[in-house]
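Participant: Provide a 3D model corresponding to the input given below.
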Amino acid sequence: LLQVENELKQLPPHAEVDADIINQVLEEGGRFTSEVVFPLNHSGDREGCRLNQETHEVATPKGFKEAYRQYIDAGWPSLSADPEFGGQGLPVVLNNAFYEMLNSSNQAWTMYPGLSHGAYECLHAHGTPEQKQLYLPRLVSGEWTGTMCLTEPHCGTDLGMLRSKAEPQA
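Facilitator: Residues are numbered from 1 along each chain as shown. Next up, the predicted model:
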């Protein structure tokens, strides 16, 4: 529908990407998300994460850690990243299609690697050479992940602070 193969051929970094490559990546992405990530919805919902108050360590639901290891081993964090930092250099549209599968299969698990691409893009575009060398290879490999740092405890996510409510009207 989007003629993506023809569009990509016009972009020098992606001139070699054809329908076969796109289909292979998406087929494997579909397998990974349906066989590895989707089945974790149940343990994620039932167990959730647990904080050990003494050690300050967080335990993830059963299977989450192993699935992340498989995600790394399969090279998924590097899909559209710059080859200079260990990436595969595939088109971002392919990465986005894979992330649609991840989000659809298990939103809770996908939050683990989900912020890494934003951190990667920010550093890739605006980081110093030293920051890029330190952070990008580790983000691309999946050794490190991105995070969100909220500096205010009430910055828009605390619904308990709301003082309005919906009431039925005639």
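Participant: lowest-confidence helix or strand of the chain?
Facilitator: Within the chain, no helix or strand scores below helix 4-9, which has a mean of 90 by mean pLDDT, DSSP states H and E.
Participant: packing partners for the next helix-or-strand element following that one?
Facilitator: Sequence order places helix 19-32 as the next helix or strand after helix 4-9, per DSSP states H and E. Judged by 3 or more CB pairs under 8 Å, 6 or more residues apart in numbering; DSSP states H and E, helix 19-32 is in contact with helix 4-9, helix 92-105. (Each C-beta comes from the backbone N, C-alpha and C, glycine too.)
Participant: my read: Pro13 touches Gly89, true?
Facilitator: Yes. Using CB atoms under 8 Å, Pro13 makes contact with Gly89 at a distance of 6.3 Å.
Participant: And the least confident helix or strand of the chain, what does it pack against?
Facilitator: Using 3+ CB pairs under 8 Å, 6+ apart, helix 4-9 sits against helix 19-32.
Participant: Could you export the helices and strands packed on helix 19-32 as a markdown table, including mean neighbour count and distance to Glu143?
Facilitator: A markdown table is the format used below for the helices and strands packed on helix 19-32 (neighbours: other CB atoms under 10 Å; distance: least, CB to CB, whole Å):
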| stretch | mean neighbour count | distance to Glu143 |
| --- | --- | --- |
| helix 4-9 | 14 | 29 |
| helix 92-105 | 17 | 18 |
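Participant: least reliable of those helices going by mean pLDDT?
Facilitator: Lowest mean pLDDT of those: helix 4-9, a mean of 90.
Participant: So what touches that helix?
Facilitator: 14-15, 17-19, 22, 91, 93 (CB atoms under 8 Å, 6 or more residues apart in numbering).
Participant: Next: stretch 58-68.
Facilitator: 36-37, 39-40, 43-44, 46-52, 109, 112-113, 142.
Participant: Go again with 10 Å.
Facilitator: Contacting residues not belonging to stretch 58-68 are listed as 32, 36-37, 39-52, 76-77, 106, 108-109, 112-113, 142, 145 [CB atoms under 10 Å, 6 or more residues apart in numbering].
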